[in-house]
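[1] just need the structure, nothing else, for what follows:
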Amino acid sequence: KSITFIELMASGGPSSPLKVCIASCSLNQWALDFDGNYSRICNTIIQAKEQGALIRVGTELEICGYGCYDHFYEPDTLQHCWQTLARLLTNTDLRGILVFTGMPVMHRGVLYNCTIAFHDQKIVFIRPKRHLANELNYREMRYFVNWKRSRHVEPFILPKIINSVTRQLKVPFGDGVITTLDNIDIGCETCEELFVPHSPHIDMSLDDVSIFVNMSASHHILRKLNYRIDLILHSMKKVGGIYMYSNQKGCDGDRTYYDGCPMIVVNGKLASQGTQFGLQDTEVVTAVVDINDVYNYRSAVMSRSHQASAVEHYPRISVELSLGGQCELPLTPYIEPRYHTPEEEICYGPASWLWDYLRRSKMAGFFLPLSGGIDSASVALIVSSMCHMVVYAVGEDNDNQVLRDVRSLTRLPNYTPTDPAELCEKILVTAYMGTSNSSKETEKRAGALSHDIGSYHVNINIDGIIKAIMTVFSLFTDKTPQFKAHGGSPVENVALQNIQARVRMVTGYLFAQLINWARGKSGSLLVLSSANVDESLVGYLTKYDCSSGDLNPIGSICKKDLNAFVAHSKEMFGFPSIDNFLTAVPTAELEPISDNYTQTDEQDIGLTYNELNDIGKLRKIDRCGPYFMYKRLACMWTMQPKELGDKVKLFFQKYAINRHKACVITPSYLCELYCPDDNRFDMRPFLYNPKWDVQFREIDNSIKIGVLAKQHAAPSTASIDKFGKR
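    Numbering: from 1, shown residues only. Reported below is the predicted structural model:
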């Protein structure tokens, strides 16, 4: 470097402020929506400039959208990315600021996930991602190759569409850092690179890089934001530096919701933090920071200086930009991190996801079968939360985009929502589809909740449809199946339950398509399903019943968290009907009720919802098969080995028999790591041997060994003295 740290000290460096305003963003990008993505990128750059920022950091692959999946294979995607980048470079409103954006780049026949830095209509540097995300729903290694040459930069020949704009033939490509005219170094890392054990910012910090930019596409998981913020704070507290974190926000066309929360951190302290959830398409957070705070912080630790003296240097790429000496704004004071409770996350996350899906699908609203149970009630409350968020965005935030979207989906060009219940009546239809097995209590609960949230509610008796179907079967077979309570066999009992459930799905889709027509309105509705993650995991649902729909906002949320969310909704919205849901025993109401029998979910499953929650996490997150799950649960649950073994076997038998249902499970909002959705997160067979011979034999052997050990190794209390010694 042309100026050493000693020379900087002699020139009054760290003793005098070197202030700069910088900006991190969140953008609600949409896969392959190149015009919309371009517009949102421009908006954030202009907002950042208006607030005095000299650096703007966008989100990962923001030009094309992160969730393109197999569209990354298509040359069309690459071509449209370069065309969009050319539009950004020719936009004179974007001059005067160093911009970091993201798109896929093909270099020497290999596709990379790249950060592109440009300034004043010139590309400064292209930095390929070095560590790719490839777990859970992430499949980056399916499309991209990680850059393997550490601290190596080579020329990249620009395509003609860019060359004609920038008059550059080639630009640096590889693993380097950007240096400004006043010798301030800026390093890049992308999303997953923050989470790996040896993050790029560690070595960069030892090589005097002061500012780190992270363009991310990190999706929402319950309680994940706490970990993300803590990781950034502790990383910068360890190495010193300014960390600019930008993250995508919204549903970009898939099951995930990217939860934003852009932030700026200085030496382990939070300077700025954006919102985690919301309906706005863009958000820009800025902070005025002092670069010299980084020098002072690092120089106070001599062991760090000794390591820095031996580090291998990164290639430097110069940019015609000075950061220091231009900012007259006061330094940004530090703040405490803001976190949502899990109940609040369920309230806002799925609601934001539903809003994105609804407005982008151009449908007219939602149709929800409301059973009177807590699961469908949770979905109704999430839609109500969405309506509250829309009214707030229009009224308090003056968000014109949200207002345009509301008018578009309601087909009311002059409508301005002011009341959440009024909006709910326009976009949510709820239906109680009762049979002779349904109770007055569930019917009453469904109607009361509908009244509280404001939905358009209908009561439909489907006994006539079921009777017609069974008449056809009886005419053809000369057989009439009976419920178990009436002397029928198990196969008859299950078939009679399933026909009720499947009629509800068919009826629901009929009403979703035609109810607006019957009301003199236009448009059809998206069908919402309401199976929770515990029921999906064990297969406690009928294939193609009301667990089937277009979207499921609670499909990866456990019963325990749903109960807490519903209780939170009572405090938040004040709906009086919620109390009755919290005290009701979960039941499918598919069998006749008698004086000595009432069907309940946990009795049908053979496991409690709390037990399913533990089992689900051990199966997916801790990667336990039957035997190791038994061993782990033996340390977690208090019960006899035989009872524990039977519960583990019961779960895996039901899981094996019902796994095929996960192949057609409704696309659901991802917010739990043990979601059994076969399409993205839980890739396993759907045809199993339900006997699990070897696995269950190991459990039986372990039970026998445990019983024998307990019989022969139980110490006599008389042989232990008062100090616990034998």
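
[2] look up the closest residue to Arg304, ignoring the ones flanking it.
    Spatial nearest neighbour of Arg304, excluding adjacent residues (CB to CB, 6 or more residues apart in numbering): Arg298 at 6.0 Å. C-beta: built from backbone N, CA, C; applies to glycine.

[3] and that neighbour, helix, strand or coil?
    When classified by DSSP: H, G, I helix; E, B strand; the rest coil, Arg298 comes out as helix.

[4] what's the burial count for it?
    Using other CB atoms under 10 Å, the number of residues around Arg298 comes to 20.

[5] quick one, helices of the stretch 401-550 of the chain?
    420-427, 440-453, 463-477, 490-518, 533-538 (DSSP state H, counting those that start in this stretch).

[6] whoops, the stretch 151-300 of the chain was the one
    Listed in chain order (using DSSP H, counting those that start in this stretch), the helices of the stretch 151-300 of the chain are 160-166, 192-195, 200-206, 224-239, 291-299.

[7] before we move on, the earlier item: quick one: the residue nearest to Arg304 and Ser305 touch, right?
    Yes: using CB atoms under 8 Å, Arg298 and Ser305 qualify as a contacting pair, with a distance of 7.5 Å.

[8] which ones are touching the closest residue to Glu698 other than its chain neighbours?
    Here the nearest residue to Glu698 in space, its sequence neighbours aside, is Tyr627; by CB to CB, 6+ apart that works out to 4.2 Å. The neighbourhood of Tyr627, defined by CB atoms under 8 Å, 6 or more residues apart in numbering, consists of Gln695, Glu698, Ile699, Ser702.

[9] Tyr627: what secondary structure?
    helix.

[10] ok, now Ile123?
    Following three-state DSSP, the label given to Ile123 is strand.

[11] any idea what it is bridged to?
    Counting by DSSP bridges, Ile123 forms beta bridges with Phe118.

[12] next up, the contacts around it.
    Taking CB under 8 Å, 6+ apart as the criterion, Ile123 is in contact with Leu89, Ile116, Ala117, Leu158, Ile162, Thr166, Gln168, Val171.

[13] test my guess that Gly373 contacts Leu582.
    No: look at Gly373 against Leu582 with CB under 8 Å: they stay out of range, at 11.5 Å.

[14] the two: which is more packed in?
    It is Gly373, of Gly373 and Leu582, that has more neighbours when counted by other CB under 10 Å, with 20 against 12.

[15] what's the residue nearest to the more buried one when sequence neighbours are not counted sitting at in phi/psi?
    Taking CB to CB, 6+ apart as the measure, Gly373 lies nearest to Pro586, with 5.9 Å between them; neighbours along the chain are not counted. Summarising the backbone geometry of Pro586 under the convention degrees, to the nearest 10, its torsions are phi -60, psi 130.

[16] the strands in the stretch 201-350 of the chain, which residues?
    For the stretch 201-350 of the chain, the strands defined by DSSP state E, counting those that start in this stretch occupy 211-216, 242-247, 249-250, 258-259, 263-266, 269-273, 282-290, 316-318.

[17] columns mean neighbour count and mean pLDDT on top of those strands, output as CSV?
    Written out in CSV, the entries for the strands of the stretch 201-350 of the chain read as follows (neighbours: other CB atoms under 10 Å; pLDDT from 0 to 100):
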stretch, mean neighbour count, mean pLDDT
strand 211-216, 28, 98
strand 242-247, 28, 98
strand 249-250, 29, 96
strand 258-259, 28, 96
strand 263-266, 26, 98
strand 269-273, 21, 98
strand 282-290, 23, 97
strand 316-318, 16, 98
